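Trainee: Quick one, structure for this:
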Amino acid sequence: MKVDKELDLSGLSCPLPIVMTSEAVKKLEEGKVIKVVSTDPGFERDVWNWSNQTKNKLLDLQKEGDKIVAYIKKEGEGSEPSLWYWIKFHSLGVKLHLRLILMHLNPFADKPDHFITFVAISEGTRAEKHLKKINKKAKLIPIPDEIDPRCGVVLAVKGFERAKDIYEHLLKENYGVEAIYRKEGESYKKVFP
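Mentor: Numbers count the residues shown, from 1 in each chain. You can find the predicted model right below:
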């Protein structure tokens, strides 16, 4: 495979690898191929979702030891997210971390005990907006490291039946839900499906 540009992002953590990949692809000419190397464990999922969203072609994705290597072809119809998109993305991370801190500090709030995971951050944010429109309450927060140490989000819910109802509704509506985890002490256990 002819590679026109190489980008080594080893050592960088989410969301930097996907942000820098997007910026590099934006600068490529149509039809050119970039090889991207990352050691971030979430990069494999992120680059796959990013390529689907932007319509740039993910030609190949390989694991080489602790590295993930992606070969991406810039497609004419592809549209990379703008710098404004990435600014909003980072501000979302700050907002979600603040929400999590406030949830822990509020002694009157029902503490969530079930957490719905997603295939991508974008699926979680879309799901939260959808649930607000139909008055189903769930809080989007950063994914606990005990569930997945990579960058991500979960919907925090009180009670298994409520979590399962939301999960099945989102699945039926074609949202990229993965699983439901229950908090047990300091750990989390996958309980559905």
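
Trainee: domain ranges for the protein?
Mentor: Annotated domains of the chain cover 5-73, 90-192 [automatic domain parsing].

Trainee: With mean pLDDT and mean neighbour count as extra columns, can I get the ones you listed in JSON lines?
Mentor: Every C-beta, even on glycine, is put in place using the N, C-alpha and C of the backbone. Output for those, formatted as JSON lines (pLDDT from 0 to 100; neighbours: other Cβ atoms under 10 Å):
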{"stretch": "domain 5-73", "mean pLDDT": "89", "mean neighbour count": "17"}
{"stretch": "domain 90-192", "mean pLDDT": "88", "mean neighbour count": "16"}
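
Trainee: Could you pull up phi and psi at the closest residue to Leu7 other than its chain neighbours?
Mentor: Using Cβ to Cβ, 6 or more residues apart in numbering and skipping the chain neighbours, the partner closest in space to Leu7 is Val36 (4.8 Å). Dihedral angles phi and psi of Val36 (degrees, to the nearest 10) take the values phi -120, psi 130.

Trainee: Strands along this protein, start to end?
Mentor: 5-8, 33-38, 57-64, 67-73, 114-118, 139-142, 153-157, 177-184, 187-192 (DSSP state E).

Trainee: Of all these, which one comes closest to Met20?
Mentor: Of all these, strand 5-8 sits nearest to Met20, with 6.9 Å by Cβ to Cβ.

Trainee: Can you give the strand pairings for the closest one, parallel or anti for each?
Mentor: In the sheet, strand 5-8 lines up against strand 33-38 (parallel) (DSSP bridges).

Trainee: relative orientation of the strand it pairs with and strand 67-73 in degrees?
Mentor: 160 degrees (axes from the mean of the first three to the mean of the last three Cα atoms, to 10 degrees).

Trainee: now strand 33-38, how far from the centre of its chain.
Mentor: Counting by Cα atoms, centre = their mean, to the nearest Å, strand 33-38 is centred 20 Å from the centre of its parent chain.

Trainee: ok and it relative to strand 57-64, angle-wise?
Mentor: Using the same axes, to 10 degrees, strand 33-38 lies at 40 degrees relative to strand 57-64.

Trainee: can you dump the C-alpha coordinates of strand 33-38 into PDB?
Mentor: Presented in PDB, the C-alpha positions along strand 33-38 are these (Å, rounded to 0.1, in the frame of the first residue of the first chain):
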ATOM      1  CA  VAL A  33      -3.300   7.800   2.200                       C
ATOM      2  CA  ILE A  34      -2.000   8.500   5.700                       C
ATOM      3  CA  LYS A  35      -0.600   5.900   8.100                       C
ATOM      4  CA  VAL A  36      -1.400   6.700  11.800                       C
ATOM      5  CA  VAL A  37       0.300   4.900  14.700                       C
ATOM      6  CA  SER A  38      -1.200   5.200  18.200                       C
END
